[in-house]
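Undergrad: sequence first, predicted model second:
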Amino acid sequence: GIQVEQSPPDLILQEGANSTLRCNFSDSVNNLQWFHQNPWGQLINLFYIPSGTKQNGRLSATTVATERYSLLYISSSQTTDSGVYFCAVGRRYGGSQGNLIFGKGTKLSVKP
Amino acid sequence: DGGITQSPKYLFRKEGQNVTLSCEQNLNHDAMYWYRQDPGQGLRLIYYSQIVNDFQKGDIAEGYSVSREKKESFPLTVTSAQKNPTAFYLCASSIREGGTEAFFGQGTRLTVV
């Protein structure tokens, strides 16, 4: 099956710093999402981005499908950005249209 | 408000008991999913359903069962056959299966005592 690798696994930042999180995947995909898991466990949708670039406030994401990677940029980080960031991808195979397969996440800690 | 509601938030189960986790959505989505998350890990797919009265096994279906009698509801039963059921369980839905944005509920934390 498709492999999803996220890097770095852990990241510690000072408030106000910028960061880039990476997601590599091993095959073509028809779905790619970035999530933020808050301390209570809820998965917050950040971007649905199987290709191209999107921006939402201080966050932006780029997926280069032909090279099988996606990047999540966080600018001017805040303590509330802390948590785990997951990349999840989907592709068609067999009878499935592409259920999401998750990476292991990047744990971000933003210090005041 | 549209969304996905999971209940209960916390659940304790004695060894040998079956328990059922509830998932309800009012987004009019056709597809629903159950995922399991272990500490420090990503999510793994247990079961998914593309449409009412149909469901398929995911990667770790052993010891679990589901039903999809209504579009809005996709309950998950953790049976006594599940060897290590203590985990965080997340339900999701999307307009259709695959290739569309999925949204998640707040999760149920199951602990075996």
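TA: It's in. What you see is a predicted model; the values in this text were computed from it and never measured.

Undergrad: what parts of chain A come near chain B?
TA: By the rule C-beta under 8 Å from any C-beta of the partner chain, the part of chain A lying against chain B is A:4, A:30-31, A:33, A:35, A:40-43, A:45, A:48, A:50, A:86, A:88, A:90, A:92, A:95-105. All C-beta atoms are positioned from the backbone trio N, CA, C, and that covers glycine.

Undergrad: which of those are buried?
TA: A:4, A:30-31, A:33, A:35, A:41, A:43, A:48, A:50, A:86, A:88, A:90, A:96-105 (16 or more other C-beta atoms under 10 Å in any protein chain shown).

Undergrad: of those residues, which belong to strands?
TA: Members of those lying in strands (criterion: DSSP state E): A:4, A:31, A:33, A:35, A:43, A:48, A:86, A:88, A:90, A:101-102.

Undergrad: possible to save these as TSV with distance to B:P8?
TA: Putting those into TSV (distance: C-beta to C-beta, whole Å) gives the following:
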residue	distance to B:P8
A:V4	30
A:N31	30
A:Q33	27
A:F35	23
A:L43	18
A:Y48	29
A:F86	24
A:A88	25
A:G90	29
A:I101	28
A:F102	24
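
Undergrad: just those: which has the poorest pLDDT?
TA: Note: of those, the lowest pLDDT belongs to A:G90, at 86.

Undergrad: that one and A:N31 touch, don't they?
TA: Yes - with contact defined as C-beta atoms under 8 Å, A:G90 and A:N31 form a contacting pair (3.5 Å).

Undergrad: ok, now which ones touch the residue most central in space within chain B?
TA: Central residue of chain B (C-alpha atoms, centre = their mean): B:W34, 3.0 Å from the mean position. Applying C-beta atoms under 8 Å, 6 or more residues apart in numbering or on different chains to B:W34 gives the contacts B:21, B:23, B:45-48, B:58, B:64, B:66, B:74, B:76, B:89-92.

Undergrad: now do the contacts for A:L100.
TA: Residues near A:L100 by C-beta under 8 Å, 6+ apart: A:31, A:33, A:88-90, B:33, B:43, B:45, B:92, B:102.

Undergrad: okay then, goodbye and thanks.
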